[in-house]
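[1] Okay, here's the prediction I keep looking at, along with the sequence it came from:
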Amino acid sequence: MNNVIGNSSDFILEGFFFPSDARASLFLLTLSGYMVIVFVNVLVFLVITLHKNLHEPMYVMLCNMIVCDLIGSSALMPRLMSDFFVDVKIISFEACFIQAFCIHMYTCGAQLILTVMAFDRYVAICNPLRYSTIMTPWTLVKLCSIAWGGAFTLVVVLLTLTIRLPKCKSLVVQAYCFNGVLFVLACGDYSVNNIYALFITYFLATLSLSAIVFTYTKILIACFFKSQSNSKSKAIHTCATHLTVYILFGITLLFSIMALRFPNINPNTTKAIGTLMITIPPCLNPMIYGINTKEIRNNVLKCLKSKLSPI
């Protein structure tokens, strides 16, 4: 496999190699994980959508985060399951770029949505009397549109720069398609692609981290000067959920990026880290919000009880 494919537009995913007798077990494990991700995310999404008392900016933004998580996990896991049973993992040019688009929408969108959620928590705690006038439905629509529109624009430019390059190789040395492993398959100079990819990485990381540090510093200061201990604990508890989700996503993304930048790391380790980055946050995020947010937790329990009571 010399990577040269002539006029063929297909790619070959290197993926994971497992013994034949382990494939069925791994398929069932991955399927179970994907079903958990879909179930918990859709459950929280429906609970927020169907209960008017949850139609607040924080919960609407959480719904956007859920959609983002489902895009990322659905772009990876079904394809990963199908690849367990084949030795030569062929993916078409179109399918590869669609997968790359969805995965980059997940990583870029999640960072921007978490940034918007940090702003919402800042306004709610530092300016509680003005919250309803600042976070109007129209403001909420604009913030969510900026997050999705910004992610879409960054990703489209990213992949357009890659599509323009002449393709000379076909072997994608990862378990899935994304820009970092696609532009290196080109014959020509891809330095522009590398520079732009680094720009996106550092821009989004700096933006989200700066927003988190600024807003949570302001929040801690505001909580310190609050006289009511009840208000302090409620504010800290509310922010702890968002901060936990941000740290979880940030750590998995950081490990994934670092693994790609160090060629001495075992390729299977790099693939595993990249896969966990797309599967762990979507699985744990709704659970974290469901456990730490009283309103969501109570409504989820009511929903489950109403469905299980006839049984």
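    Received the coordinates, thanks. Residues are numbered from 1 along each chain as shown.
[2] CA only for contacts and neighbour counts going forward, please
    Fine.
[3] Over to residue 171: give its phi and psi.
    Note on residue 171: its backbone torsions stand at phi -90, psi 110 [degrees, to the nearest 10].
[4] give me the number of residues near it?
    Number of residues near residue 171 (other C-alpha atoms under 10 Å) recorded here: 21.
[5] quick one: contacts for it?
    If a contact means C-alpha atoms under 8 Å, 6 or more residues apart in numbering, then residue 171 has 3, 11-14, 185 as its contacts.
[6] Filter the residues you listed down to just the ones in strands.
    With strands taken from DSSP state E, the overlap with those comprises 11-13.
[7] Those into CSV, with extra columns for distance to residue 137?
    Converted to CSV, those look like this (distance: C-alpha to C-alpha, whole Å):
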residue, distance to residue 137
11, 45
12, 46
13, 44
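[8] can the residues you listed go into JSON lines with extra columns for distance to residue 165 and pLDDT?
    As requested, the ones in strands among the contacts of residue 171 are exported to JSON lines (distance: C-alpha to C-alpha, whole Å; pLDDT from 0 to 100):
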{"residue": "11", "distance to residue 165": "15", "pLDDT": "89"}
{"residue": "12", "distance to residue 165": "18", "pLDDT": "88"}
{"residue": "13", "distance to residue 165": "19", "pLDDT": "88"}
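[9] can you give me how far the strand or helix carrying residue 305 is from the chain middle?
    Under the assignment given by DSSP states H and E, the secondary-structure element containing residue 305 is helix 294-308. The chain centroid and the centroid of helix 294-308 are separated by 26 Å under C-alpha atoms, centre = their mean, to the nearest Å.
[10] Report the buried residues of it.
    For helix 294-308, a neighbour-count test (16 or more other C-alpha atoms under 10 Å) marks 296-297, 299-300 as buried.
[11] and the gap between the closest residue to residue 184 other than its chain neighbours and residue 206?
    Beyond its immediate neighbours in the sequence, the residue positioned closest to residue 184 (C-alpha to C-alpha, 6 or more residues apart in numbering) is residue 190, lying 7.2 Å away. Residue 190 sits 24 Å away from residue 206 when distances are taken as C-alpha to C-alpha, to the nearest Å.
[12] higher neighbour count, these two?
    The neighbour count for residue 190 versus residue 206, taken as other C-alpha under 10 Å, is higher for residue 190 (15 against 12).
[13] what pLDDT does the more buried one get?
    Reading off the confidence values, residue 190 has pLDDT 83.
[14] Residue ranges in the stretch 201-311 of the chain under the pLDDT threshold?
    Screening the stretch 201-311 of the chain residue by residue with the criterion pLDDT under 70, one finds the ranges 226-238, 260, 263, 307-311.
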